[in-house]
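**Q** sequence below, structure please.
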Amino acid sequence: MVQNAFIFPIILTGCLGLVYGATFEDIKLLETTLFTNYSNLQRPSNNFSEPTIVEFNLNVSDVIEINEIQQILKLFCSFRLTWTDDFLKWDPDSFGGLSKIQVDSHLVWKPYIDLLRSLDDSDLFVEKNARLTVFSNGVVHWDPRQSIAIKCELVVSRFPFDTSFCYLIFVPLKYTIEEVQLEDGMDREKPYKILHGEWEFHFSSLGNANFKIDNNDNVVSSLKISIKLTRIYMFFLVGALLPIVILSFLNVLAFCLPDDSGEKTSFSITLLLALTVFLTNISGSLPKSSSSVAYITWYITSLLVTSCLIVMTNIFLLYFHHKRKRKEEWERNHGTAQNSTAPTRISKILKKLEFICNRIRCKSRHDSKSGCTIDVVIFLFFLIVWLGLTTIYIAMTQHSMDYQRFLS
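**A** I've put the predicted structure just below:
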């Protein structure tokens, strides 16, 4: 008797009546009636041959962090768990019209929920002392709040137009499907979204499914929630990708400059340096870890290699151009060609390159006056290369977007 007198005041401090008109004596009597022989270790069912149905509702309040390098997604979530406790029922008329009370969570049986692929504790709501609301018909509402962290593999091959999918799979811990079943309490017809930095998150429920959690053929009930991550690409497109495409195209136009202007090589080198600076600036935006290399990485690398080839080609063209001019000036001044030494293998190769270069270069009739030389063949070649690389990148990105749209 002394022990019970000590226990009841403790329980009273964790319980609160929620109906006006009920007296303190009514609350005390109700708590004594409910919790005297109550055990929070056993499943609250009068018929153990039937499972306890737990309605599960999830609302993601905020996205804490998405780590693309470690492939980790952290969310802050609000939960609503509802089930029926057969041992917490009463007649409101017998207790001053008291229809519901609030109790501390450690006093009542709760379903232990596990989040698969979680990086935190196995019990999702361990040490959560949020109050529960118990109704007179035995229905229990529990509204814990919890931050969760899961492994989320991001497929960034289409960066910055990428879309990835992650999944939250909740299962009752240590309960088979014959004992506890999760029931979807989310509205599948109204998925909601959250904006976080450069990402847009879409959350939707995929419903219930049976899940085999170990090798002992134990089947548990599970609830699967889909998270669709879509990158907001407009800033990267306008601030980084578009300038790179424009600079690479301007580099091709270097062949339209006349050789005698003295700006042909410097123009190509300046654009190459500008392109390199842009690539360095956006390297921090590119994903550092992924199962596949982003298409844009291959595209930008190809543009950089093409730009280097353009600079090298311009250097060769100017070298042969000035060599030819020196030769023509010598012939005008001396009336004969320059005497050459015995040809070497290198000189033979240079002469062949000079011959090819002179054959493909298209000079205007007034070259000596205007200094305008248009390298048509080489210009068209690099223009086709630039168009080909850009077209391939767009086609691969579009194909991947169509495939992701098909999967979703």
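
**Q** shouldn't F79 be in contact with R145?
**A** Yes: counting by Cβ atoms under 8 Å, F79 touches R145, with 7.2 Å between them. Heads up, the C-betas are built off the backbone N, CA and C, glycines and all.

**Q** what about those two, which has more around it?
**A** Neighbour comparison, F79 and R145: the larger count goes to F79, with 20 against 13 (by other Cβ atoms under 10 Å).

**Q** name all residues that make contact with the more buried one.
**A** F56, N57, L58, N59, F125, W142, D143, P144, R145, Q146 (Cβ atoms under 8 Å, 6 or more residues apart in numbering).

**Q** how about TSV for those, with secondary structure, distance to V376 and pLDDT added?
**A** Output for the contacts of F79, formatted as TSV (DSSP: H, G, I helix; E, B strand; the rest coil; distance: Cβ to Cβ, whole Å; pLDDT from 0 to 100):
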residue	secondary structure	distance to V376	pLDDT
F56	strand	69	90
N57	strand	69	90
L58	strand	64	89
N59	strand	64	89
F125	coil	73	74
W142	strand	77	91
D143	coil	74	89
P144	coil	73	88
R145	strand	69	87
Q146	strand	68	86
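
**Q** list only those of these flagged as buried.
**A** In terms of neighbour count (16 or more other Cβ atoms under 10 Å), the buried residues within the contacts of F79 are F56, N57, L58, F125, W142, P144, Q146.

**Q** list the buried ones in stretch 225-243?
**A** Across stretch 225-243, burial judged by 16+ other Cβ under 10 Å covers I225, I227, K228, L229, T230, R231, F236, A240, L241.

**Q** ok, those residues vs G388, which is closest?
**A** L241 (17.6 Å; Cβ to Cβ).

**Q** any idea how far that closest one lies from I269?
**A** Shown here: L241 relative to I269, a distance of 23 Å by Cβ to Cβ, to the nearest Å.

**Q** roughly how far does L275 sit from L237?
**A** L275 is 17 Å from L237, by Cβ to Cβ.

**Q** quick one: low-confidence ranges for the stretch 151-300 of the chain?
**A** 188-190, 213-217, 259-262, 285-291 (pLDDT under 70).

**Q** the strands in it, which residues?
**A** For the stretch 151-300 of the chain, the strands defined by DSSP state E, counting those that start in this stretch cover 163-172, 180-184, 192-196, 199-212, 219-231.

**Q** picking up where we left off before, adding distance to D162, write the buried ones among the contacts of F79 out as a markdown table.
**A** Formatted as a markdown table, the buried ones among the contacts of F79 follow (distance: Cβ to Cβ, whole Å):
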| residue | distance to D162 |
| --- | --- |
| F56 | 30 |
| N57 | 30 |
| L58 | 25 |
| F125 | 33 |
| W142 | 37 |
| P144 | 33 |
| Q146 | 28 |
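
**Q** next, the distance between the ends of stretch 117-124.
**A** 12 Å (Cα to Cα, to the nearest Å).

**Q** where's the spatially closest residue to P172 that is not a sequence neighbour relative to I148, distance?
**A** Nearest non-adjacent residue to P172, counting by Cβ to Cβ, 6 or more residues apart in numbering: V180, 4.2 Å away. For V180, the distance to I148 (Cβ to Cβ) stands at 20 Å.

**Q** ok, the two, which is more surrounded?
**A** V180 (23 against 18).

**Q** mind listing the residues bridging to the more buried one?
**A** Going by DSSP bridges, V180 is paired in beta bridges with T52.

**Q** could you measure from it over to L206?
**A** From V180 to L206 the distance is 19 Å (Cβ to Cβ).

**Q** you'd agree V60 is up against L75?
**A** Yes: applying Cβ under 8 Å as the test, V60 and L75 come out as touching, 5.3 Å apart.

**Q** neighbour-wise, which of the two wins?
**A** L75 (25 against 18).

**Q** in the host helix or strand of the more buried one, which residues are buried?
**A** Assigned by DSSP states H and E, L75 belongs to strand 72-84. Within strand 72-84, the residues scored as buried using 16+ other Cβ under 10 Å are L73, K74, L75, C77, F79, L81, T82, W83, T84.
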